[in-house]
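Asks: whatever this is, show me its structure:
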Amino acid sequence: MNNKNILIATHSIMTGGCETYILTLCTELVKKGYNISIVAQDGTLRKKFEDLNVKIHIINFFSREKAIDNVEIIKDIIKNDKINEVHIHPIYPMFEAVLASIYLNVPYYLFFHGVSLKGYFDISNSFLALGKCGPIYVKDVAFKYAEKYIYVSEEVRDFYENGYNLNKEKGIILKNSIKCENSIINIQYPLKKFVIISRIDIDKLDSIKIGINAYIEYYKKYIEKYGTTIDNISLDIIGTGSEVSNLKEYIKDLQYNIKYIGETDDSINIIKKYDVLIGMGRTILEGISNKKVVLLVSYNKYIGMIDSSLEEKISKIAFANFSGRNMEENNIQEDINNILELEENEIKNIVEKNYIYLCNNNNINKNIEKLEENKVIKKDYYNEEAVLSANLYYELVKYINILERKNVEYIDIIQKNNENLEYLKRENKSKEKMIKNNQITIDEYKEKIDSIYNKKLYKIYKFFSKFNKK
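Replies: Reported below is the predicted structural model:
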């Protein structure tokens, strides 16, 4: 029997850090002889997955009313693709994919990519199918019956193990990894071409603005040092998301050669065109792997140039998955001044050491071995209790959907009645106005008649008319 058929469930295959992590993982798994299927909402990375011969199944995890149908669809995929294990990435597929796995006795692994950020993301509010019951389901089913927990960093591991009391023996750190291909150093000196690659959503917009401010500071200091004899300093911003229009509005009046480029599905090759990358998370790894100068910005502060020779600082940065969380803010002006003072050989030395650090710690070839080392093949993964728990929430969601459909029907009836009432009110007003206008007309005619009756000539006419009748 082939035990190398994996189903990956994730919210979408758009361009992003989580999706690129999955793409890198798939690339290596396919090389090792695994057959991969993905169930997700469609996106820009689809062709890259298909080029790896990954089977793509399109599904919508963002609608509660589709949840029950999704469970059945995933069950069919598991059967048809002869799936042996399911990898579930945060966070929306964690209802449907977990239940399908339990029903078919297929082990599932929960992957955790980040920590909850107040105001941006909260795992307790992310299970659309269950609403307020989500946190109970997470604890009593999704977390309880997972075969393994896969964490992308030590910070993520600590967050979930401590915050949700997860079994430490089930935990594996499979760091945010990248393919190390020993690229050559290809940067101009002095540094001139800057790029920011990021999702342009509400949680990342502040970090993008901080990156822009760092570039502007460099631009000004560069002109002070070199004058205008060396030109073509530029910043390109690459990405997409809900805040693109706000970003465009922010940069439209800035006079520092800043451009918004749009989305890309090939960030690694895009980075090759630049000298300096500004960003956070997965993008940082891609910049280091391309041997570029890398400036780290967090969600709300500037951390500065990454230099792996500063061991204590790089350990803190790596601990939080290159997000900059829990790091001290760096002074932008001081950091930029330091960068401008570096000689060409010093810059090359920094990017080379950063690359070596990355290959020692975030090399996909090394890190993926942890998955295979921790596999345990069993006959039965889920007992009767697990199936009963799954059924409880399955039936709960069915019931919620029935109630919501009835609620929609009632709302439609109320809306139609309200529309009829408004129509009758309008009709009534119209008729009242017509009656009023008619009454005015009648009153006017009565006045005219009374006026005629009261005239002397009419009275004489009435007097003589009596004789005519005789």
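Asks: low-confidence ranges in the stretch 351-470 of the chain?
Replies: Segments of the stretch 351-470 of the chain classed as low confidence (criterion: pLDDT under 70) are 404-425, 427, 442-470.
Asks: try it again at 80.
Replies: Filtered on pLDDT under 80, the stretch 351-470 of the chain yields the residue ranges 374, 376-377, 400-470.
Asks: and if you look at the stretch 101-250 of the chain?
Replies: Using pLDDT under 80 as the threshold, the predicted model of the stretch 101-250 of the chain has low-confidence ranges 114-135, 181-183, 228-231.
Asks: what's the neighbour count on Lys193?
Replies: Here the neighbour count serves as a burial measure; for Lys193 (other Cβ atoms under 10 Å) it reads 16. To be clear about C-beta, it is placed using only N, CA and C from the backbone, and glycine gets the same treatment.
Asks: isn't it up against Ile271?
Replies: No: applying Cβ atoms under 8 Å as the test, Lys193 and Ile271 come out as separate, 10.4 Å apart.
Asks: residue ranges for the helices of the stretch 151-300 of the chain, please.
Replies: Counting by DSSP state H, counting those that start in this stretch, the stretch 151-300 of the chain has helices at residues 154-164, 205-226, 244-251, 267-271, 282-289.
Asks: which helices and strands sit right next to the second one?
Replies: With contacts taken as 3 or more Cβ pairs under 8 Å, 6 or more residues apart in numbering; DSSP states H and E, helix 205-226 sits against strand 193-197, strand 234-238, helix 244-251, strand 276-279, strand 293-297, strand 302-305, helix 332-341.
Asks: got it, and the fourth one?
Replies: Here helix 267-271 touches strand 193-197, helix 282-289, going by 3+ Cβ pairs under 8 Å, 6+ apart.
Asks: got JSON lines for those, with distance to Glu50 too?
Replies: Written out in JSON lines, the entries for the helices and strands packed on helix 267-271 read as follows (distance: least, Cβ to Cβ, whole Å):
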{"stretch": "strand 193-197", "distance to Glu50": "23"}
{"stretch": "helix 282-289", "distance to Glu50": "21"}
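Asks: between these, which one is closest to Val86.
Replies: Across the helices and strands packed on helix 267-271, Val86 has its closest neighbour in helix 282-289 (23.0 Å, Cβ to Cβ).
Asks: how far out from the middle of the chain is the closest one?
Replies: The chain centroid and the centroid of helix 282-289 are separated by 20 Å, computed with Cα atoms, centre = their mean, to the nearest Å.
Asks: related to what we said a few turns ago, pipe the helices and strands packed on helix 205-226 into JSON lines and attach distance to Ile173 per row.
Replies: As requested, those are exported to JSON lines (distance: least, Cβ to Cβ, whole Å):
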{"stretch": "strand 193-197", "distance to Ile173": "25"}
{"stretch": "strand 234-238", "distance to Ile173": "29"}
{"stretch": "helix 244-251", "distance to Ile173": "34"}
{"stretch": "strand 276-279", "distance to Ile173": "22"}
{"stretch": "strand 293-297", "distance to Ile173": "21"}
{"stretch": "strand 302-305", "distance to Ile173": "22"}
{"stretch": "helix 332-341", "distance to Ile173": "30"}
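Asks: out of those, flag the one nearest Lys225.
Replies: Judging the helices and strands packed on helix 205-226 by Cβ to Cβ, what sits closest to Lys225 is helix 332-341, at 6.0 Å.
Asks: tell me the most buried of the helices of the stretch 151-300 of the chain?
Replies: Using mean count of other Cβ atoms under 10 Å, the stretch among the helices of the stretch 151-300 of the chain with the greatest mean number of neighbours is helix 282-289 (a mean of 26).
Asks: packing partners of it?
Replies: helix 17-31, helix 267-271, strand 276-279, strand 293-297, helix 344-361.
Asks: quick one, it and helix 17-31 angle?
Replies: Taking axes from the mean of the first three to the mean of the last three Cα atoms, to 10 degrees, one finds helix 282-289 and helix 17-31 inclined to each other by 60 degrees.
Asks: contacts for helix 282-289, please.
Replies: Under the contact criterion Cβ atoms under 8 Å, 6 or more residues apart in numbering, helix 282-289 has outside partners 17, 20-21, 176-181, 183, 197-198, 267-268, 271, 277, 279, 293-294, 296, 306, 322, 351, 354-355, 357-358, 362.
Asks: now the strand or helix carrying Ile136, how far from the chain's geometric center?
Replies: When secondary structure is defined using DSSP states H and E, the element that contains Ile136 is helix 134-137. Put simply, helix 134-137 sits 21 Å off its chain's centre (Cα atoms, centre = their mean).
Asks: which parts of that helix are buried?
Replies: Gly134, Pro135, Tyr137 (16 or more other Cβ atoms under 10 Å).
Asks: swap in stretch 381-388?
Replies: Tyr381, Tyr382, Ala386, Val387.
Asks: got the residue ranges for the helices in the stretch 351-470 of the chain?
Replies: With DSSP H, counting those that start in this stretch applied, the stretch 351-470 of the chain shows helices at 364-367, 369-373, 384-453, 456-469, listed in chain order.
Asks: mind putting the buried residues of stretch 381-388 into JSON lines with distance to His89?
Replies: Converted to JSON lines, the buried residues of stretch 381-388 look like this (distance: Cβ to Cβ, whole Å):
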{"residue": "Tyr381", "distance to His89": "20"}
{"residue": "Tyr382", "distance to His89": "21"}
{"residue": "Ala386", "distance to His89": "21"}
{"residue": "Val387", "distance to His89": "24"}
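Asks: CA atoms only for the helix holding Ile136, dumped as PDB, please.
Replies: In PDB, the C-alpha atoms belonging to helix 134-137 read as follows (Å, rounded to 0.1, in the frame of the first residue of the first chain):
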ATOM      1  CA  GLY A 134     -16.100  27.500  17.900                       C
ATOM      2  CA  PRO A 135     -13.700  27.700  20.900                       C
ATOM      3  CA  ILE A 136     -15.400  24.600  22.500                       C
ATOM      4  CA  TYR A 137     -15.000  22.700  19.200                       C
END
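Asks: among the helices and strands packed on helix 267-271, which comes closest to Gly43?
Replies: The closest of those to Gly43 is helix 282-289. By Cβ to Cβ, the value is 15.5 Å.
Asks: quick one: average confidence on that closest one?
Replies: Confidence over helix 282-289, taken as the mean pLDDT, stands at 93.
Asks: okay, the angle between that helix and strand 193-197?
Replies: 150 degrees.
Asks: tell me the angle of helix 282-289 relative to helix 344-361?
Replies: An angle of 120 degrees separates the directions of helix 282-289 and helix 344-361 when computed by the same axes, to 10 degrees.
Asks: I'm done for today, thanks for sticking with me.
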